[in-house]
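> Whatever this is, show me its structure:
(chains A and B)
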Amino acid sequence: MPLSAVKAEALGARVEGLSLPRGGWLGLAREAAAARLAAMGMPSRRDEYWRYTDPSRLIAARPARAPAFDVRDEPPVFDEIDQVKIVFVDGVFDPEASDDLILAGVEIDRLASAVATDIHWARDIYGVLEARGQEPVARPLAALCSAYATDGVLIRVTGQAKQSISLIYRHESESSDAILQHCIKLEPGTQLTLLESGPGAARFTTGLEVEIGEGAAFHHVRAQGRDQQRTTATHIFARIAAGGLFKSFTLTANGLLTRNEAVIELVGNEARAHIAGAAVGDGAFHQDDTIFVIHAAERCESRQVFKKVLKNGAVGVFQGKILVKRGAQKTDGYQISQSLLLDEDSQFLAKPELEIYADDVKCSHGSTSGALDETALFYLRSRGVPRAAAQSLLVLAFLAEAIAEIEDPTIAEDIRLRLEGWLVRHAAKG
Amino acid sequence: MLEINNLHVKLEEEGKEILRGVDLKIGSGEVHAIMGPNGSGKSTLSYVLAGRDGYTVTEGSARLEGEELLAMEPEERASAGLFLAFQYPVEIPGVGNMTFLRTAVNAQRKARGEPEMSAGDFLKVVRAKAKDLKIDADMLKRPVNVGFSGGEKKRNEILQVAMLEPKMCILDETDSGLDVDAMKLVADGVNALRGAGRSFLVITHYQRLLDHVKPDFVHIMAAGRIIRSGGPDLALEVENNGYADLLAEAE
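Residues are numbered from 1 along each chain as shown, chains lettered A, B, ... in the order given. The predicted model follows:
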């Protein structure tokens, strides 16, 4: 069977039973996304873009069973942060568990209630940023979200949000298969911190489109839940106007398969985008960061900082690209991806890319893979620090550059403590 | 304090014998110096005592206050009161010097069943001790030894001695890579920590450090053995005549 037929067949199986709600601006956006999706089909291992990560679990007709994981050994994520909680259980909005969707300077709508209106600010964003992100590489799972999302939030920021908005994803059913799509618009000069936490569902497929106005600042920190068996595919599409700031950090601990994609476009002069991640995996763990940063304006700055700690056969993937378009002079682009392999069974696969069409730019990229520094380990032990604690200190030091990308010190400390806890728990298993 | 008997050590990988029957006895509060030409086994002796990987002890023992060191993990030796000041202190990017010091102090206290030091108390003590050693606050904030000059690294080792208060300190070529002023500063730090029953084993290639840190006993090491022991005058003899005469005499 030709590849296109395989992809079409896989798509048919994947969307069977999913509904494509009609009507209103959203119905049209969904239809357009479904058309894009039909043209692409589902991804295949034979696609260059999926060379290091097998998409079969993400495109299977039904998710593999993934029991929910009861976290009792640590406090809820971001507990210390002043936040408006929006809770989804297996991808379904839970009004009981959520706070009222009220925050000064911010409009929060659910996808479901936005359908009724003919005109909505999200029209210019929903499915639009995702569609722009389909070039030069097809991202069918992102189009799947735009077309078939069953829920999500639309957030428009018109002032300085006093509280963070916290999307909390709970996973209860071991066969849940959730598809969500969120849209965020920051008007010029505004700021918002968006938190996301939790595993979401047995299989969790999400899209997040963010439009950042002139001089606006968007901070995003995400902690993907500790469930062992879950599979996850996430997509971020961001467009940043002049002087705008986009900062995103993701912690991935555990999970059978996680693919985090991001397409970030710097379209106004002096815009900044920082995207970072810390991933820790032990055993059956495959985590993939696929990042595309596009410099389309002058004097913009971008940073990609990805660190992975892998043991017992865990696999880490990084595909990161910086594209500097013609005329994007004085670009400052930085990309680093590093892995710490705690044994010889683990793997790190990296494909860093630079594509530059302007002549006055500064771009650097580096990718390394290495073991723990035995000399440093001995030095610490010779001062009385037990082996496990010394290892954990060195691993946290390795991850520090990624964590440093989180601006809020309380959130950064929350993430650091979670990583420390993970290291303690996983040190015992050798 | 430290008693080494007939210590034989091989390199784990090559099987080459580096120490060939070292005997050494250091009493409480004493300062001993070991001198010797390159390749005589001085640094190996310090690493083996501290518990570094890569060496196999084939014979002999090393006891700290009667307890066998060679059976312990490196961290247990440290908690038992042994300290090795490294010839090349290790740089650890990403770990703050203050965090490192506090982790080490509290790990040792915990191992000995003592209460941990609070962050506030620790800060007060470390600041005072750093000041005595002319270590500025900036060095405490930076990652361990990263970007430190040779002198700063060695002073940082001495600060660790001051904070960890070991009973038995081994200084491995602490004078290497230091100019005279830096060496004097380090020596002053060591002298300030002498006494109170604390013993030192100073390993050095040259006599010059011993002008500043006056030893009670001097030992000459060659080809994995101590070939001669004596008082401070022995160091001067080496300085004047070199090792050649002593080596010839031993053979």
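> Find the closest residue to chain B in chain A.
Proximity to chain B, evaluated over chain A using Cβ to the nearest Cβ, is greatest for A:Ala397 at 2.8 Å. Any C-beta I mention is one placed from the backbone N, CA and C, and that applies to glycine too.
> three-state assignment of the nearest residue to A:Ala276 once chain neighbours are set aside?
Nearest residue to A:Ala276, sequence neighbours excluded (Cβ to Cβ, 6 or more residues apart in numbering or on different chains): A:Glu405, at 3.7 Å. Here A:Glu405 is recorded as coil under DSSP: H, G, I helix; E, B strand; the rest coil.
> Next up, the contacts around A:Glu405.
Residues near A:Glu405 by Cβ atoms under 8 Å, 6 or more residues apart in numbering or on different chains: A:Lys247, A:Phe249, A:His274, A:Ile275, A:Ala276, A:Arg303, A:Val305.
> Show me the one in those residues that has more neighbours than the rest.
A:Ile275 (26 neighbours; other Cβ atoms under 10 Å in any protein chain shown).
> who's that one bridged to?
A:Ile275 has the following beta-bridge partners by DSSP bridges: A:Ser248, A:Gln304.
> Check what pLDDT the residue nearest to A:Ala276 gets.
A:Glu405 is assigned 96 on the pLDDT scale.
> How about A:Ala428?
Value for A:Ala428, per-residue pLDDT: 58.
> Give me the neighbour count for the residue of chain A closest to chain B.
20.
> Assumed B:Val238 was part of a strand.
No - B:Val238 is assigned helix when assessed by three-state DSSP, not a strand.
> That one: how many residues sit nearby?
22.
> Also A:Asp82?
Applying other Cβ under 10 Å, I find that A:Asp82 has 11 neighbouring residues.
> Let me see the contact set for it.
A:Lys162, A:Gln163, A:Ser164.
> any idea which of those has the most stuff around it?
Going by other Cβ under 10 Å, A:Ser164 tops those with 20 neighbours.
> Tell me which helix or strand comes right after whichever strand or helix holds A:Trp25, heading toward the C-terminus.
For A:Trp25, the element it lies in under DSSP states H and E is helix A:24-40. Moving toward the C-terminus from helix A:24-40, the first helix or strand encountered (DSSP H and E) is helix A:56-59.
> how about the strands in the stretch 151-300 of chain A?
With strands called from DSSP state E, counting those that start in this stretch, the stretch 151-300 of chain A shows them at A:153-157, A:164-170, A:177-186, A:191-197, A:203-212, A:217-224, A:231-240, A:245-253, A:257-266, A:272-282, A:286-295.
> pLDDT and distance to A:Val84 for the contacts of A:Glu405 - can I get that in TSV?
Listed next are these as TSV, based on pLDDT from 0 to 100; distance: Cβ to Cβ, whole Å:
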residue	pLDDT	distance to A:Val84
A:Lys247	98	20
A:Phe249	98	20
A:His274	98	24
A:Ile275	98	24
A:Ala276	98	24
A:Arg303	98	28
A:Val305	98	28
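> picking up where we left off before, can I get the strands of the stretch 151-300 of chain A in a markdown table including distance to B:Glu59?
Below are the strands of the stretch 151-300 of chain A laid out as a markdown table (distance: least, Cβ to Cβ, whole Å):
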| stretch | distance to B:Glu59 |
| --- | --- |
| strand A:153-157 | 72 |
| strand A:164-170 | 62 |
| strand A:177-186 | 66 |
| strand A:191-197 | 58 |
| strand A:203-212 | 61 |
| strand A:217-224 | 54 |
| strand A:231-240 | 57 |
| strand A:245-253 | 48 |
| strand A:257-266 | 54 |
| strand A:272-282 | 41 |
| strand A:286-295 | 50 |
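> And for A:Lys330, the neighbour number?
There are 16 residues near A:Lys330, going by other Cβ under 10 Å.
> what does the one 5 residues further on give?
Burial of A:Gln335, expressed as a neighbour count using other Cβ under 10 Å, amounts to 24.
> Pick out the residue nearest the middle of chain B.
Nearest residue to the geometric centre of chain B (Cα atoms, centre = their mean): B:Ile170, 2.1 Å.
> So that one: helix, strand or coil?
B:Ile170 - assigned by three-state DSSP - is strand.
> contacting residues for it?
Counting by Cβ under 8 Å, 6+ apart, B:Ile170 has contacts B:Ser46, B:Leu49, B:Ala50, B:Leu82, B:Phe83, B:Leu84, B:Ala85, B:Phe200, B:Leu201, B:Ile203.
> mind putting those residues in CSV, secondary structure included?
Conversion of those to CSV gives the following (three-state DSSP):
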residue, secondary structure
B:Ser46, helix
B:Leu49, helix
B:Ala50, helix
B:Leu82, strand
B:Phe83, strand
B:Leu84, strand
B:Ala85, strand
B:Phe200, strand
B:Leu201, strand
B:Ile203, strand
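> So which of those residues is the closest to A:Gln347?
Nearest to A:Gln347, judged by Cβ to Cβ, of the contacts of B:Ile170 is B:Ala50 at 34.4 Å.
> Now that the closest one has come up, it's in contact with B:Leu82, right?
Yes - in this structure, B:Ala50 is within contact of B:Leu82 by Cβ atoms under 8 Å, at 6.7 Å.
> quick one on the thing from earlier: nearest residue to the residue of chain A closest to chain B other than its sequence neighbours?
Nearest residue to A:Ala397, sequence neighbours excluded (Cβ to Cβ, 6+ apart): B:Gly94, at 2.8 Å.
> Tell me the helices and strands packed up against the helix or strand hosting that neighbour.
Using DSSP H and E, B:Gly94 sits within strand B:92-96. Applying 3 or more Cβ pairs under 8 Å, 6 or more residues apart in numbering or on different chains; DSSP states H and E, one finds that strand B:92-96 makes contact with helix A:374-381, helix A:387-403, strand B:143-144.
> Same list, the ones you listed, but as TSV with distance to A:Gly327 please.
Listed next are these as TSV, based on distance: least, Cβ to Cβ, whole Å:
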stretch	distance to A:Gly327
helix A:374-381	45
helix A:387-403	31
strand B:143-144	40
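> how about these, which one is nearest A:Leu37?
Using Cβ to Cβ, the helices and strands packed on strand B:92-96 put helix A:387-403 closest to A:Leu37, at 32.8 Å.
> Any idea which of the contacts of A:Asp82 the model trusts least?
Lowest confidence among these: A:Lys162, with 92.
> contacting residues for it?
A:Asp82, A:Leu103, A:Ala104, A:Gly105.
> Inside strands: which ones of the residues you listed?
Under the assignment DSSP state E, the contacts of A:Lys162 contribute nothing to strands.
> Give me the local confidence score for B:Glu251.
According to the prediction, B:Glu251 has pLDDT 63.
> Equivalent analysis for A:Arg14, please.
Per-residue pLDDT puts A:Arg14 at 95.
> Are we agreed that it is in a strand?
No - under three-state DSSP, A:Arg14 sits outside any strand and is assigned helix.
> didn't it look like it was pressed against A:Arg57?
No - with contact defined as Cβ under 8 Å, A:Arg14 and A:Arg57 do not form a contacting pair (11.5 Å).
> Which SSE is immediately downstream of the helix or strand of chain A with the lowest mean pLDDT?
Across the helices and strands of chain A, mean pLDDT, DSSP states H and E gives its lowest value to helix A:111-114, namely a mean of 84. Once helix A:111-114 ends, the next helix or strand along the chain (criterion: DSSP H and E) is helix A:128-132.
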